[in-house]
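Q: Fold the following.
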Amino acid sequence: MKVVVDEEKCVAAGQCVSAAVDVFDQRDEDGIVVLLDENPPSELAEDVRTAAAVCPALAIRIEE
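A: Next up is the predicted model:
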């Protein structure tokens, strides 16, 4: 699994961080998504898929 984020689309809602705190964070200054691990371990795959699904801006893409 490879995770790709589009910072330009991000609306800083923070749903991704809530769903997968080990993979996503937010910048302090504006809340825009920060990708901590573009190739997360398989045990985090479900959390990452949830994060992509709940992103209101559809800024997270998963490549299998």
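Q: List of residues touching the top helix by length along the chain?
A: Across the chain, the helix with the greatest residue count (assigned by DSSP state H) is helix 45-54. With Cβ atoms under 8 Å, 6 or more residues apart in numbering as the test, helix 45-54 has contacts from 1, 3, 15-16, 18-20, 22-24, 40, 60-62. Any C-beta I mention is one placed from the backbone N, CA and C, and that applies to glycine too.
Q: Swap in 10 Å and give it another go.
A: 1, 3-5, 13, 15-24, 33, 37, 40, 44, 58-62, 64 (Cβ atoms under 10 Å, 6 or more residues apart in numbering).
Q: Of those residues, just the buried ones, ChimeraX syntax please.
A: Buried residues among the contacts of helix 45-54 (16 or more other Cβ atoms under 10 Å), as a ChimeraX selection:
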select :3,5,13,15,16,17,19,20,23,24,33,40,44,59,60
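Q: so of the contacts of helix 45-54, which ones are in strands?
A: The strands, defined by DSSP state E, take in 3-5, 24, 33, 60-62 from these.
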